[in-house]
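In: Provided below for reference: sequence and predicted model.
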Amino acid sequence: MNKNNMEIEKKYLITRLPDKLDEYVHHHIEQGYVCTRPVIRIRKKLTYQADCLLGKKLILTVKGDGMLTRQEFELEIDESSFDSLAKKVSGTIISKNRYEIPLENNLTLELDIFDGLLNGLIMGEIEFPDEDTAKKYNPPDYIGREVTFDERFHNSILSSMSEADISDLLSLMNQGN
């Protein structure tokens, strides 16, 4: 895999989980950041359908600046490269389960249920074909407040937060701020 393109993505807090979540393809993801400005990320992604492991990918990602739209370059790497880069990660390794939930108009909600230090955080991301579609989009009712432009909810920032900062953020979320 070698993907180099523009990513147009909105981020949301999730107010309630969709029904039958276990029926969707999902991934267990562990990711760390070698650098957060610019974003240089490594990711281990295990893909499951029900309880059956379908595959494993190790990915190096470089992201440009931006909140809604930014350039993204992805390259699949081998285990040795991943392990070498993992030693250079700063901050927390983020661990989450991501569910791919089909939406109308060929869109997909990537619903992330975090564990570890970020346990309790549930967010969703939707990638769009263009900015106009993104700006006009009205999400289903179980998708809550949009946090695209709140950098506290970007994984690269979450990975560098202290336990106290994460606790404060989760408390604010529960209060609706």
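Out: Yep, it's here.
In: all helices of the chain, in order?
Out: Ranges of helices within the chain are 79-86, 131-136, 155-158, 163-174, based on DSSP state H.
In: put the alpha carbons of the second one into PDB.
Out: Taking C-alpha atoms only, helix 131-136 is exported to PDB below (Å, rounded to 0.1, in the frame of the first residue of the first chain):
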ATOM      1  CA  GLU A 131     -15.000  19.800   1.200                       C
ATOM      2  CA  ASP A 132     -18.400  20.800  -0.100                       C
ATOM      3  CA  THR A 133     -19.900  17.400   0.900                       C
ATOM      4  CA  ALA A 134     -18.200  17.600   4.300                       C
ATOM      5  CA  LYS A 135     -19.500  21.100   5.000                       C
ATOM      6  CA  LYS A 136     -23.100  20.100   4.100                       C
END
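In: hmm, who's touching it?
Out: Residues outside helix 131-136 that contact it (CB atoms under 8 Å, 6 or more residues apart in numbering) are Ile8, Glu9, Lys10, Leu68, Thr69, Asn105, Ile126, Phe128. No exception for glycine: its C-beta is placed from N, CA and C like everyone else's.
In: what sits closest to the fifth one if chain neighbours are left out?
Out: What it means is Thr69. Ile8 (4.9 Å; CB to CB, 6 or more residues apart in numbering).
In: look at Leu68 and say how many residues are nearby.
Out: Neighbours of Leu68 under the rule other CB atoms under 10 Å: 15.
In: oh sorry, the question was meant for Leu111
Out: With other CB under 10 Å as criterion, Leu111 counts 25.
In: for the chain, where's the lowest mean pLDDT among helices and strands?
Out: One helix or strand of the chain scores below all others by mean pLDDT, DSSP states H and E: strand 2-14, with a mean of 85.
In: which intervals of this protein have sub-threshold pLDDT?
Out: For the chain, the stretches with pLDDT under 70 are 1-4, 175-177.
In: which residue ranges of it form strands?
Out: 2-14, 26-36, 39-49, 52-63, 69-76, 90-102, 108-115, 122-127, 143-146 (DSSP state E).
In: which one, of those strands, ends up nearest to Ala164?
Out: Closest of these to Ala164 is strand 90-102, at 13.0 Å (criterion: CB to CB).
In: pairing partners for the closest one, with directions?
Out: If you go by DSSP bridges, strand 90-102 pairs up with strand 26-36 (antiparallel), strand 108-115 (antiparallel).
In: would you mind putting those into TSV with distance to Lys63 alongside?
Out: Converted to TSV, those look like this (distance: least, CB to CB, whole Å):
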stretch	distance to Lys63
strand 26-36	10
strand 108-115	15
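In: wait, which of those strands is closest to Thr47?
Out: strand 26-36 (5.1 Å).
In: and the angle from that closest one to strand 52-63?
Out: 20 degrees (axes from the mean of the first three to the mean of the last three CA atoms, to 10 degrees).
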